[in-house]
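Chemist: show me the folded form of this:
(chains A and B)
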Amino acid sequence: MRKKIGQWLEVLIFVSPAIILLTIFVIIPAVKTLSLSFFNSEGNFVGFQNFSDVLLSSDILNLSRFPFKSPPWGAIPHNTVWILIHLPLVVSLGMILAVLLRDVWGGSFIKSIIFLGMVTPMVVGGGIIRFIFDEHAGVVNGLLRFFGLNQFVRSWTVYPDTALLALILGSVLLWTGFSLILYSSGLSTIPDELYEAAEVDGANSLQRLFYITIPSLRPVTVTVVAMTLLWELKIFDLVYTATGGGPGGASTVLALRMYSLAFRALDPNRSAVIATLMTVLTLIIGIWLVRSTRRMEE
Amino acid sequence: MKKKMLLLVVIIALLSACAPQSVKTVEVIKTQEVVKTVEVVTTQEVIKTVEVEKEVDKSPINVTIPWTGDAMELFMPVVDAFEAKTGIKVRVLPYKTENLGPLLPAQFMAKEPMADVMIMSWPWWIEQNSEHLLDLSDLTEGIDFLGNPVVVDGAVYGVPSYLWVKPGFWYRKSVFQANGLEEPQTWDEFLALMDKIKEIPGIENPMTSPAGYPLGDIVENFIATFGGPEMIKGIINGDVKWTDPDVRAIFEEKIIPLIESGDFSVPIDRHGAADLWWEGDYALHFYGNWVAEDVDDPSDMGILTLPGASTVVGGSDWMFIPKYTDRTDDAKKFIAFVISDEGMKLRLQEGGRLSSRADIPLDVYPPAEKTLAEAISQFEVLPDLDDTIGGEWQSTFWDQIALLWVKPGSLDEVLTTLQEKMPAK
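Modeler: Numbering: from 1, shown residues only, chains lettered A, B, ... in the order given. The predicted model follows:
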């Protein structure tokens, strides 16, 4: 009995720093944020009033424009569009590039270059995106001119129809390095025997890709999808520096609205509503990630 | 044993996190306290020595300034002179207003401000946070300011440092001279000037459109010129709506035709806009007078006001003191020095700024600022519209105007949004 208590005490001592830090820096602020969202600025309990004010505003969901007119559609649709375009591109590009560069001479060097986007601070990334899509100096417009697509030549980030798309495509460039590196390390864990056996059985390269490589990379895919989703949900710095959410709110996102309510409107209560919403969405992804990982381990 | 050591390390780590950040010099001053003891028969004086600990803080006071780069360097003579005169050291922390504003609320809640004196360009922010600030009415008493102090319920919370103005479109005298261009006196002449400028080789557009607040400033200038000062004041206090037909007419008849005919550029990065204008990509550049700090030869700058303009938008960077600082006296001394004759002259002679005080003589200024100071004395100085309304509306304003610039057809949508987002009266 005494030995068991001793073991528990030992465990407690080792986990207590983490528990203390988590409590101070995560749990208490999260609870405080949640409680803030139910009060007004005078400190009176207002139930779900802040939620209805914020979530029904056109900055969050602009039903008069979404989905048939050009942006602004509101932060939730913008984040959703971001996920719908960015996630498949990042996952597929990362995997394809990892497979293509696996046995190529200089592959590691090319991977390092692609990974540079990932280590670039997103504040700088925002400036880079603005530059890439600039009408005069941008490489994208240079390519469009080269291919004779002059009708698309413009500073993409200053027009409401193209600002969001420019940010999403630019962020693919910056984030693909993440999935590429994870897939590359995942590929190195697949035993060569599997490929050799498949070759003996007469499997061609496409069959090897679909029946060996992709299934074997499933744990990596789960991680890439989860981390990318979280990144897309909390995207802020890149948007803030590239477009500031504009023009006319055409590229605003949830985190930017949260910032704007807290630090421009000086309204922490309504800002807390968005923070709560983002926490819930993040939790859902987090729980899915943990469950998927456990299932795969089993 | 290991467990005990581990526990000790955890406790030390927690305690060190709680340690105070600044060290104060403590001088022990011996004072003599005279205690009188009254007795029935005789009076006897007992001299007792009491040790009183008085804290004399010799660490520098922290001052956040909204000026960086050259603008910061031009302010440093004032700081140096203050240090020499008072013996109080100053640590200058450059923080742009848009970066400082979001930082401070949390610091105020914790009663731990990052600086003893702060300078920012948002009067609305100072107003809304006045509960955390010191009443500085005693510093401004008897001074006639051009840029108004920030006053809440009769108490002064923000003291104007230097005046800036946004008088109109800057041009290069040499470019105008070389191309035979003249300042227009009527709206038709203004339009004719645009056509002439477009014919100059290498010109992208006649006028720059620096993204962010400068675009809003352009709109504000048009409203003040063609709608009059009352329209600007009416919008600020909520009596005039953005959707008012008279306001709409200014957009429809003056601004949008210029956008549609390519007289304005598409919105460009505001930090690079001055360089592009100076290098000749554009002929006219609407900006505050501090643009003089960014150009090689300020004497080559001329100012072109909109025909019929009788007003100029002006404002200041306001100084305030958080009431949680323990260096109140030193902080007040600093502000008093900045707005003193001596402090003001030290900065004005460097160029790029105007005096926030009405009684500073014109001969203090370098030639370019002297001309400007003389010129604006003919105009009514209006408060900056978006700086005065402030809050989330301000960023919405910049954003909606950026939308209008690339999509002039969205005028009604823009005006409706601006009206909807206006703070409650």
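Chemist: could you use CA atoms for every contact and neighbour count after this?
Modeler: Will do.
Chemist: how about the helices in the stretch 151-298 of chain A?
Modeler: A:163-187, A:192-200, A:205-208, A:214-216, A:218-233, A:237-242, A:254-259, A:268-297 (DSSP state H, counting those that start in this stretch).
Chemist: and these: which comes nearest chain B?
Modeler: helix A:254-259 (8.8 Å; CA to the nearest CA).
Chemist: avg pLDDT for that closest one?
Modeler: Averaging the model's pLDDT scores along helix A:254-259 yields 95.
Chemist: please name the nearest non-neighbouring residue to the closest residue to chain A within the stretch 51-200 of chain B.
Modeler: Relative to chain A, the nearest point of the stretch 51-200 of chain B is residue B:102 (4.9 Å; CA to the nearest CA). Closest residue to residue B:102 apart from its sequence neighbours, by CA to CA, 6 or more residues apart in numbering or on different chains: residue A:263 at 4.9 Å.
Chemist: can you list the residues of the stretch 301-425 of chain B near chain A?
Modeler: Residues of the stretch 301-425 of chain B found near chain A, taking CA under 8 Å from any CA of the partner chain as the criterion, are B:391-393, B:395-396, B:399-403, B:406-407, B:414.
Chemist: which of the helices of the stretch 151-298 of chain A sits closest to residue A:29?
Modeler: Of all the helices of the stretch 151-298 of chain A, it is helix A:268-297 that lies closest to residue A:29, at 10.7 Å by CA to CA.
Chemist: do the closest one and chain B come into contact?
Modeler: No. Judged by CA under 8 Å from any CA, helix A:268-297 and chain B are separated, with a smallest distance of 10.2 Å.
Chemist: quick one, strands of the stretch 301-425 of chain B?
Modeler: With DSSP state E, counting those that start in this stretch as the criterion, the stretch 301-425 of chain B has strands at B:301-304, B:311-320, B:354-355, B:380-383.
Chemist: which residues are in contact with the last one?
Modeler: Right, the one you point to is strand B:380-383. Residues outside strand B:380-383 that contact it (CA atoms under 8 Å, 6 or more residues apart in numbering or on different chains): B:229, B:310, B:311, B:312, B:313, B:314, B:315.
Chemist: what's the neighbour count on the residue of the stretch 51-200 of chain B closest to chain A?
Modeler: If you count neighbours by other CA atoms under 10 Å in any protein chain shown, residue B:102 ends up with 16.
Chemist: same check, this time on residue A:4
Modeler: Count around residue A:4 with other CA under 10 Å applied: 9.
Chemist: quick check, the residue in the stretch 151-300 of chain B closest to chain A?
Modeler: Residue nearest to chain A within the stretch 151-300 of chain B: residue B:267 (6.9 Å; CA to the nearest CA).
Chemist: what average pLDDT does stretch B:330-346 get?
Modeler: 95.
Chemist: what do you get for stretch B:298-305?
Modeler: For stretch B:298-305, the per-residue pLDDT averages 90.
Chemist: can you check the distance spanned by it, start to finish?
Modeler: 18 Å (CA to CA, to the nearest Å).
Chemist: which residues touch residue A:148?
Modeler: Residue A:148 neighbours (CA under 8 Å, 6+ apart): none.
Chemist: what's the helix or strand for it?
Modeler: Using DSSP states H and E, residue A:148 sits within no helix or strand.
Chemist: thinking again about what came up before, how many residues are close by the residue nearest to residue B:102?
Modeler: 21.
Chemist: equivalent analysis for residue A:266, please.
Modeler: 21.
Chemist: now do the contacts for it.
Modeler: Contacts of residue A:266 (CA under 8 Å, 6+ apart): residue B:391.
Chemist: likewise for the one 5 residues further on?
Modeler: Counting by CA under 8 Å, 6+ apart, residue A:271 makes contact with A:37, A:257, A:258, A:259, A:260, A:261, A:262.
Chemist: again with residue B:62
Modeler: So residue B:62 contacts B:90, B:91, B:92, B:93, B:114, B:115, B:116, B:117 (CA under 8 Å, 6+ apart).
Chemist: return the members of the contacts of residue A:271 classed as buried.
Modeler: Among the contacts of residue A:271, those scoring as buried are A:37, A:257, A:258, A:259, A:260, A:261, A:262 (criterion: 16 or more other CA atoms under 10 Å in any protein chain shown).
Chemist: out of those, who's near chain B?
Modeler: Residues of the buried ones among the contacts of residue A:271 in contact with chain B (CA under 8 Å from any CA): A:260, A:261.
Chemist: residue B:177: neighbouring residues, count only.
Modeler: Residue B:177 has 10 nearby residues by other CA under 10 Å.
Chemist: before we move on, the earlier item: so which pair among the buried ones among the contacts of residue A:271 is furthest apart in space?
Modeler: A:37 and A:260 (15.5 Å).
Chemist: quick one: low-confidence ranges for the stretch 151-298 of chain A?
Modeler: Along the stretch 151-298 of chain A, the model assigns pLDDT under 70 to no residue.
Chemist: interface residues of it facing chain B?
Modeler: Counting by CA under 8 Å from any CA, the stretch 151-298 of chain A sits next to chain B at A:158-160, A:246-249, A:260-261, A:263-266.
Chemist: got a markdown table for those residues, with distance to residue A:181 too?
Modeler: Shown next, in a markdown table, are these (distance: CA to CA, whole Å):
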| residue | distance to residue A:181 |
| --- | --- |
| A:158 | 33 |
| A:159 | 34 |
| A:160 | 34 |
| A:246 | 33 |
| A:247 | 35 |
| A:248 | 37 |
| A:249 | 34 |
| A:260 | 34 |
| A:261 | 37 |
| A:263 | 36 |
| A:264 | 38 |
| A:265 | 40 |
| A:266 | 41 |
